[in-house]
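Enquirer: Fold the following, please.
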Amino acid sequence: MDINKNKLVLRPCRNEDAKLLFEWVNEPLVRSNSMDTKNILWENHLAWFDKKIKSVDSYIFILEEKQPVGQIRFDFSDSTQSYLIDFSIDKRFRGQSLGKHIIEMGINAVTKIRNKELKFSAFVKSSNLASLNSFLKNNFYISDEKDGYIFLNLNR
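Expert: Sure, this is the predicted structure:
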């Protein structure tokens, strides 16, 4: 299904999105590109979701174009003093450069909410070229590579 990128909307995640995020996080390619590749149990997901949705240090957004096509999450990291980015695109919509768009739209949304310049970073598995390219297209640079992971920072 082709997506009209001019009609993409990024909205804050809502409680009723818990099931959708659960389905996306357990999709095989998402699991294989995660640090922990084991499937996530529903009760563990609900506890995680409840914690994240209430956290003042996390933001979750849903990318839509008539229907949900992806999610992006920003978690503030004390160790890097930056927002770590995690995103995924629904398998039906991959291959349309939506990663580039969801990262750009998400950074703009968090920057607007916080109303100041922020630092953004990401960890990507070395084998996840699609995600890596999405970050590189958004002016991220590779700052480190270790144990099969690439660490990226936004260049501002």
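Enquirer: How far off centre is the one helix or strand Glu104 maps to?
Expert: Assessed by DSSP states H and E, Glu104 sits inside helix 98-114. Between the centre of helix 98-114 and the centre of its host chain there is 10 Å, according to CA atoms, centre = their mean, to the nearest Å.
Enquirer: next one: the worst-scoring helix or strand of the chain on mean pLDDT to chain centre, how far?
Expert: Least confident helix or strand of the chain, by mean pLDDT, DSSP states H and E, is helix 28-32 with a mean of 83. Chain-centre distance of helix 28-32: 14 Å, with CA atoms, centre = their mean.
Enquirer: Past it, which element shows up next along the chain?
Expert: For helix 28-32, the following helix or strand on the C-terminal side (DSSP H and E) is helix 42-54.
Enquirer: what's the average pLDDT for that next one?
Expert: Confidence for helix 42-54, expressed as mean pLDDT, is 96.
Enquirer: Check the average confidence over the helix or strand following it, would you?
Expert: Sequence order places strand 58-64 as the next helix or strand after helix 42-54, per DSSP H and E. Across strand 58-64, the average pLDDT comes to 98.
Enquirer: what element comes up after strand 58-64 heading to the C-terminus?
Expert: According to DSSP H and E, the helix or strand after strand 58-64 is strand 68-77.
Enquirer: what angle sits between that following strand and strand 58-64?
Expert: Inter-element angle recorded for strand 68-77 and strand 58-64: 160 degrees (by axes from the mean of the first three to the mean of the last three CA atoms, to 10 degrees).
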